Each structure stands twice: as C-alpha cells, then as structure tokens.
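> model this:
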Amino acid sequence: MEHKIAIMADVHGNVTALQAVLADARREQVTDYWFLGDLFLPGPGTHELVELLTDVQPSVWLKGNWEESIEQVLNHDIDWADASDVYLARLTEFLMENLQQGQYQSVMKRPIADNVVVNGLRTQLSHNSPQRSYGHELYPTQAQANFDAIFADQQDIAVYAHTHQQIMRISEQGQLIINPGAVGQPYSPYHKFMADQRSNYAILTITDNSEFDVAFRKVRYNIEAEINNARQVALPYFDLYAHLRCTGKTVTHDLTLLAEVNAANGYRSDAQTYFQPW
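This next block holds a predicted model:
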C-alpha cells in the first residue's frame with residue numbers, strides 16, 4: 001500500500017493555520033499524519049488544537065520544547081525575575097484555564113522522539129534531536145556531523161522540526177533528512193522569505209516498493225481571522241501576538257519589551273497568584 005504522510009510541526013497555538021493545513025492535506029488525499037511537537041503557545045489555540053489533531057488520528061504524535069517548558073512551569077520551575085519566564089508562565093495559565101479535562105495529560109505523555117518503519121523504510125522522528133527537544137545543533141547552517149548524529153540506529157530517513165524552516169538534505173552516507181517547517185510560525189533568516197508567512201508542512205509519499213517522494217507545502221490562511229480569534233478569547237500579550245502573526249518576529253527573548261508589557265498588565269502578579277497555591 002502506498003503511504004502519503006502529512007508531516008506537521010510547530011503549530012504554536014495558531015488554530016487558523018492548523019485548520020488550513022489539515023484542509024490542504026485532505027485535498028492532497030494523505031493517508032496518515034505525523035506531528036512533531038510544539039502544539040501550544042504563544043497563540044490562542046488550546047482544547048481545539050488537541051481536538052483537531054485527535055480527529056485525524058496521527059500515527060506519530062510527539063511533544064516539543066514548548067510542551068516541556070510548560071511542564072517546567074507547572075512544576076514551579078519559574079524565575080519570577082526573568083521576564084521571559086513570566087511570559088511563559090502567564091501564557092501557561094491561559095492554556096491550563098482553557099484545556100479540557102485530560103487533554104493536558106494526553107499531550108504531555110507523548111515522547112520527544114520515535115521510530116517507525118513504512119514499507120521497508122526506517123524513519124527516525126524527533127522534535128529536535130532524538131536526545132533532547134531543544135537546542136541549536138540542527139539549525140540549517142550547523143556542521144554536517146550534527147546532522148549525521150541524528151541517525152542513532154542506521155535509519156534511512158530522519159525527520160525533525162524545531163527550526164521552523166523547511167529543509168531537505170542528506171547525511172554523509174546519503175540518508176535523507178527532512179524538516180517540514182512550521183505550521184503556525186514559519187521563519188527564515190532571509191528577509192524576502194520571512195515576508196512569506198504561509199503555513200509550512202511536508203508530504204512524504206512512500207510506495208509499496210520503498211520508493212519515496214517529498215513535497216514541501218506552503219498554505220495560505222486568514223491571518224486577520226487568527227488575530228481576531230486571539231482578541232476574542234482575550235489572549236495575554238495580544239498586541240505581541242498580532243505583531244508576530246503579521247511579521248513572523250518573536251519576542252520570547254526580548255527581555256526589555258517583555259518586562260515593560262508584564263509591568264503594564266500585571267502579568268507577573270496574575271501568574272504568581274495562579275501558580276503559588278499549587
């Protein structure tokens with residue numbers, strides 16, 4: 001049987017983008033879905049994101065570094081003097097208030113890596129590397145040796161996410177390496193490409209005799225509708241999210257800006273009140 005697999009990652013709370021990608025995948029008549037993590041935050045999507053993914057029954061569902069950061073917040077690993085930690089904590093508060101019972105556990109129990117065999121082709125899947133969900137070692141310009149190291153057990157294909165950039169390259173031995181890009185938060189260091197904020201994913205087709213084909217997809221979605229969605233649900237840091245959706249530029253590490261926004265909106269006090277009784 002030929003398998004036509006939609007590979008998706010890095011939704012980051014963007015409901016409208018995920019809906020558009022899933023609609024495109026249905027039109028392309030995919031037969032399976034692999035999701036590589038970072039479903040939540042900083043966007044407004046919560047329970048509906050879990051429902052959208054659950055409906056398509058992905059055979060691979062991983063968690064990413066943002067899910068692990070959410071777990072750290074819920075374990076009270078928060079530096080309240082760090083504006084970025086406050087940002088994550090206040091957004092996690094919003095997320096937990098809007099997830100339905102059991103949804104958090106269903107996502108957080110997922111691994112950060114997996115292995116599958118499809119029609120004889122062995123595939124290693126991970127959010128970043130198989131060993132950890134975060135880090136810069138697999139950014140596109142990093143050393144070839146970093147990419148060769150993905151193949152822990154001589155797999156034929158390695159698929160990873162995290163960088164938010166669509167990538168196809170090979171190992172030193174010629175094995176295939178794929179990154180589908182980001183559904184909800186595409187990125188490029190090149191300004192002309194950064195202006196293209198269409199959703200990214202990839203389709204991997206594997207025939208019954210182990211032949212394969214990779215198609216990178218870019219899907220338009222209604223950015224203004226996503227911004228309106230964030231406004232309607234009173235997403236914390238709304239103005240920053242609207243800017244992110246229009247430009248692709250994140251603020252996660254802009255400590256000066258986040259400190260100003262936190263102070264102006266009382267976000268640190270809100271999050272401390274929410275998490276301290278736990």
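> only C-alpha atoms for contact and neighbour calcs from this point on.
Noted.
> for the chain, which segments are assigned as strands?
Along the chain, the stretches classed as strands by DSSP state E are 3-8, 32-35, 60-61, 113-118, 121-126, 157-159, 166-170, 176-180, 199-206, 212-219.
> quick one: closest of the ones you listed to A259.
A259 sits nearest to strand 199-206 of all these, at 29.9 Å, using Cα to Cα.
> angle of the closest one against strand 3-8?
160 degrees (axes from the mean of the first three to the mean of the last three Cα atoms, to 10 degrees).
> still on that earlier bit, the strands of the chain into a markdown table, with extra columns for mean pLDDT, mean neighbour count and distance to T141?
Shown next, in a markdown table, are those (pLDDT from 0 to 100; neighbours: other Cα atoms under 10 Å; distance: least, Cα to Cα, whole Å):
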| stretch | mean pLDDT | mean neighbour count | distance to T141 |
| --- | --- | --- | --- |
| strand 3-8 | 98 | 24 | 22 |
| strand 32-35 | 98 | 22 | 24 |
| strand 60-61 | 98 | 21 | 27 |
| strand 113-118 | 97 | 16 | 22 |
| strand 121-126 | 98 | 22 | 19 |
| strand 157-159 | 98 | 24 | 17 |
| strand 166-170 | 98 | 16 | 11 |
| strand 176-180 | 98 | 23 | 14 |
| strand 199-206 | 98 | 24 | 20 |
| strand 212-219 | 98 | 16 | 20 |
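> select, out of those, the one closest to Q105.
Nearest of the strands of the chain (Cα to Cα): strand 60-61, 13.3 Å.
> rewinding a little: among the strands of the chain, which is nearest T247?
Short answer: strand 199-206, nearest of the strands of the chain by Cα to Cα, at 13.1 Å.
> just checking, what packs against that closest one?
strand 3-8, helix 15-27, strand 176-180, strand 212-219 (3 or more Cα pairs under 8 Å, 6 or more residues apart in numbering; DSSP states H and E).
> need the strands of the chain in JSON lines with distance to L52, can you?
Formatted as JSON lines, the strands of the chain follow (distance: least, Cα to Cα, whole Å):
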{"stretch": "strand 3-8", "distance to L52": "13"}
{"stretch": "strand 32-35", "distance to L52": "12"}
{"stretch": "strand 60-61", "distance to L52": "13"}
{"stretch": "strand 113-118", "distance to L52": "21"}
{"stretch": "strand 121-126", "distance to L52": "21"}
{"stretch": "strand 157-159", "distance to L52": "22"}
{"stretch": "strand 166-170", "distance to L52": "23"}
{"stretch": "strand 176-180", "distance to L52": "19"}
{"stretch": "strand 199-206", "distance to L52": "16"}
{"stretch": "strand 212-219", "distance to L52": "17"}
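> tell me which of those lies nearest to A264.
Here strand 199-206 is closest among those (Cα to Cα), at 32.2 Å.
> quick one: residues in contact with stretch 252-272.
80, 82-84, 86-87, 89-90, 93, 237, 251 (Cα atoms under 8 Å, 6 or more residues apart in numbering).
> show me the contacts for N209.
Each residue near N209 by Cα under 8 Å, 6+ apart is listed here: 119-120.
> one more: the one 3 residues further on?
By Cα under 8 Å, 6+ apart, the contact list for F212 reads 204-206.
> need those residues in CSV with distance to N262, can you?
Listed next are the contacts of F212 as CSV, based on distance: Cα to Cα, whole Å:
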residue, distance to N262
L204, 42
T205, 46
I206, 48
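> any idea how far stretch 44-57 is from the middle of the chain?
Computed by Cα atoms, centre = their mean, to the nearest Å, the chain-centroid distance of stretch 44-57 equals 13 Å.
> could you dump that stretch to CSV, C-alpha only?
Extracted C-alpha coordinates of stretch 44-57, given in CSV (Å, rounded to 0.1, in the frame of the first residue of the first chain):
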residue,chain,number,x,y,z
PRO,A,44,-4.8,31.4,21.4
GLY,A,45,-5.4,27.7,20.5
THR,A,46,-6.0,25.3,23.4
HIS,A,47,-8.5,22.5,23.5
GLU,A,48,-9.5,22.9,19.8
LEU,A,49,-5.9,22.1,18.8
VAL,A,50,-6.0,18.8,20.6
GLU,A,51,-9.3,18.0,19.0
LEU,A,52,-8.2,18.9,15.5
LEU,A,53,-5.2,16.6,15.8
THR,A,54,-7.1,13.8,17.5
ASP,A,55,-9.7,13.8,14.7
VAL,A,56,-7.0,12.9,12.1
GLN,A,57,-5.5,10.2,14.3
